[in-house]
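S.K.: Any chance you can model this:
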Amino acid sequence: MPNRTFKLAAFALVTLVISSASFAVIAQDVERADKTGDKEEAPVATLKKNEVARVNNRVFTAEEFIQRLVLREKITSDPDQRTAQWALDSLIIEELLNLEANRLAAVAKRRWTDEEYKALLDEWEATFKRINAAVTDEQKRNGKEAKPYSREEFVQLKYDMTWPQFTGYLQSVARENVIRRQVVNYWKLTTDSANAEGLYMRSEDEIKKVRERLVAGEKLGPIAGAESENMHTRQSGGIIGMAYKGDGSFEPEVDEAFWKLDKEVWSEPIKTQFGYWLVRKAKFFPGNEAPFFQLQEKCLEMPTVDDKLLLKWRHAVASSGRYAFERRMPGWDCMAGEE
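M.R.: The predicted model follows:
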């Protein structure tokens, strides 16, 4: 499987920093709620004390959550990736990956996972050698005997793991990468996508004037850089980036309008909670309609999915209505000890 992108910092089962809002409210929960008049009934809560989340019939316990949090604290020193939010979301994402793998018949064959494991271990070995070289050089400069770490010593000091525990962990990462490459890349290939551009303003009158200028042929970059009140589009000159249908790139009102647009046509001002958006598709890429078994090899040959794309995939799957979701995290969703 060529074209891998391996980084030591990515040695996590799911290396993802999720925003604080992720999975707090899932679209299918709202859509499935029964409505009486203008009121929506909340989804039925089934989780009990010491149960923190559920995806379909898979219930995650507080103990599993704590174990995942401890694992992440051992593996990474990045404070943004050692959060309780990450620990819970990574468990949920892992289950969604397994469910989608079962649905598609995506498998982690032994030869694929062995190849992936070897690549991960080789990458780790290269980093380990660089660190040992730096350590021994420092010892020599200080007139001390050079004493490089053994693998076992280094892993114990760095990760608080034995060597068998660490290699077992890398093997689980290898399997995760193989599944992720198939499942998420298949979604990427088969989902409508577009290069999105746009800008945001709070005044409807002002954004209408901006739209007239854009339709008349003025360049987006200078206009967005001067007029957009959204930091990302202001700094990027109106470039939003690659969007996949249903991936959460836009607010619901913008998403609905965006995917109805023809290529290179500016939308009318789209009203959201705090202001207005103008968006357009700079380029449009229709999804491949081939079944999974026809694209499986191609998916495996593609790079391992990065965290940004995985987040888009997660949102699309969670919003599809295919799987039920429920969360009960003390401090986020309830008070400690509440039923």
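
S.K.: CA atoms for contacts and neighbours, from now on please.
M.R.: Will do.

S.K.: Can you show me the helices along the chain?
M.R.: Secondary structure of the chain, counting by DSSP state H: helices at 27-32, 62-75, 84-104, 110-141, 151-159, 163-190, 204-215, 220-227, 231-236, 252-258, 292-301, 307-319.

S.K.: For the last one, buried residues please.
M.R.: Of the residues in helix 307-319, those buried under the neighbour-count criterion (16 or more other C-alpha atoms under 10 Å) are 309-319.

S.K.: Same question for the longest one.
M.R.: Using 16+ other C-alpha under 10 Å as the test for burial, helix 110-141 gives 112-113, 116-117, 119-121, 124, 128, 132, 136-137.

S.K.: Also compute the angle for it relative to helix 292-301, please.
M.R.: Using axes from the mean of the first three to the mean of the last three C-alpha atoms, to 10 degrees, the inter-axis angle of helix 110-141 relative to helix 292-301 is 10 degrees.

S.K.: Now do helix 110-141: which elements does it pack against?
M.R.: helix 163-190 (3 or more C-alpha pairs under 8 Å, 6 or more residues apart in numbering; DSSP states H and E).

S.K.: what mean pLDDT does the helix it packs on have?
M.R.: Helix 163-190 comes out with an average pLDDT of 96.

S.K.: Same question for stretch 238-256.
M.R.: Averaged over stretch 238-256, pLDDT sits at 95.

S.K.: Please state the offset of that stretch from the chain centre?
M.R.: Remark: stretch 238-256 is offset 15 Å from the chain centroid, using C-alpha atoms, centre = their mean, to the nearest Å.

S.K.: what's the span of that stretch, first residue to last?
M.R.: Terminal residues of stretch 238-256 lie 19 Å apart, using C-alpha to C-alpha, to the nearest Å.

S.K.: Name the residues of it that come out as buried.
M.R.: Buried residues in stretch 238-256, counted by 16+ other C-alpha under 10 Å: 238-240, 242-250, 254-255.

S.K.: Which of the residues you listed fall in strands?
M.R.: Filtering the buried residues of stretch 238-256 for membership in strands, criterion DSSP state E, returns 239-240, 242-244.

S.K.: domain assignment for the protein?
M.R.: Using automatic domain parsing, the domains assigned to the chain come out as 1-191+293-339, 192-285.

S.K.: Worst mean pLDDT among those domains?
M.R.: domain 1-191+293-339 (a mean of 81).

S.K.: so how far is that domain off the chain centroid?
M.R.: The mean C-alpha position of domain 1-191+293-339 is separated from the chain mean by 9 Å, C-alpha atoms, centre = their mean.

S.K.: Stretch 198-206 now?
M.R.: Distance, centroid of stretch 198-206 to centroid of chain: 29 Å (C-alpha atoms, centre = their mean).
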